[in-house]
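Student: Sequence and computational prediction follow.
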Amino acid sequence: MRHGKKFNHLSRKSAHRKAMLANMACSLIEHKRIKTTLAKAKALRVYIEPLITKSKDDTTHSRRTVFSYLKQKEAITELFGDVSSKVADRPGGYTRILKISNRLGDNAQMAFIELVDYNEDYTTDKPKRKKARRTKKKVAVKVEHAIEEAVVVEETSTTENTVEAKVEEVIEETSANKDVVEAKVEEVVEETPAIEDSPELNEETKVEANNSENKEEKGE
């Protein structure tokens, strides 16, 4: 039975387990990130986070307390110097565990354990990227095609009602600025040849006119 055994003993005696966790904690303080098994990473997190909290109070008593666990002067200096200044505003949760693939051989679940404030990929202080918007070029092209359709719809070269309706439709579809669309309308209307000048349309209108004259002559 395992009554009252709330933590993972890691299949080691207490002296071996404490020495191993102390060495791992010193390595984590020095390198800021280490690779180990998932079970050891979880045990190390419980072991080192109270020591990091203790390092925020830089007194002789705190240093002696932490030294009784770690037993390495270099690690104590680094912990009470650079690390404590980094985590000064953080109220806990100083480490992060990232699971990775299983180890070849015994198939043990592996993981990275790292100090949160030293991973630049996960920091939230970076400036946020602006959302990509539709470029003016794409909107201009869509507006141009829409206005050309509106211009060459009726018998006149520029039917105001048709153009205005098409402009509103384009603004709704592209979410473009109304001033931009209106400016593009003026350009397209100026560049688009009138229907009277178009030879194809002139031939059609002539044929229709001749047909109507013939019908009137015949009395139809």
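Tutor: It's in. Residues are numbered from 1 along each chain as shown.
Student: What sits closest to Ser101 if chain neighbours are left out?
Tutor: The shortest distance from Ser101 to any non-neighbouring residue, by C-beta to C-beta, 6 or more residues apart in numbering, is to Met110 (6.6 Å). All C-beta atoms are positioned from the backbone trio N, CA, C, and that covers glycine.
Student: what pLDDT does the one you found get?
Tutor: Note for Met110: predicted pLDDT of 97.
Student: who touches it in this structure?
Tutor: When the contact criterion is C-beta atoms under 8 Å, 6 or more residues apart in numbering, the partners of Met110 are 35-38, 99-103.
Student: Pretty sure Val83 sits against Ser55.
Tutor: Yes - Val83 is within contact range of Ser55, at 6.6 Å (criterion: C-beta atoms under 8 Å).
Student: Pull out the buried residues from the contacts of Met110.
Tutor: Burial by neighbour count, judged by 16 or more other C-beta atoms under 10 Å, picks out 36-38 from the contacts of Met110.
Student: Now secondary structure, distance to Tyr122 and pLDDT too, for the contacts of Met110, in JSON lines please.
Tutor: Output for these, formatted as JSON lines (DSSP: H, G, I helix; E, B strand; the rest coil; distance: C-beta to C-beta, whole Å; pLDDT from 0 to 100):
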{"residue": "Lys35", "secondary structure": "strand", "distance to Tyr122": "17", "pLDDT": "97"}
{"residue": "Thr36", "secondary structure": "strand", "distance to Tyr122": "19", "pLDDT": "97"}
{"residue": "Thr37", "secondary structure": "strand", "distance to Tyr122": "22", "pLDDT": "97"}
{"residue": "Leu38", "secondary structure": "helix", "distance to Tyr122": "19", "pLDDT": "97"}
{"residue": "Lys99", "secondary structure": "strand", "distance to Tyr122": "15", "pLDDT": "97"}
{"residue": "Ile100", "secondary structure": "strand", "distance to Tyr122": "16", "pLDDT": "96"}
{"residue": "Ser101", "secondary structure": "strand", "distance to Tyr122": "20", "pLDDT": "95"}
{"residue": "Asn102", "secondary structure": "strand", "distance to Tyr122": "24", "pLDDT": "97"}
{"residue": "Arg103", "secondary structure": "coil", "distance to Tyr122": "24", "pLDDT": "96"}
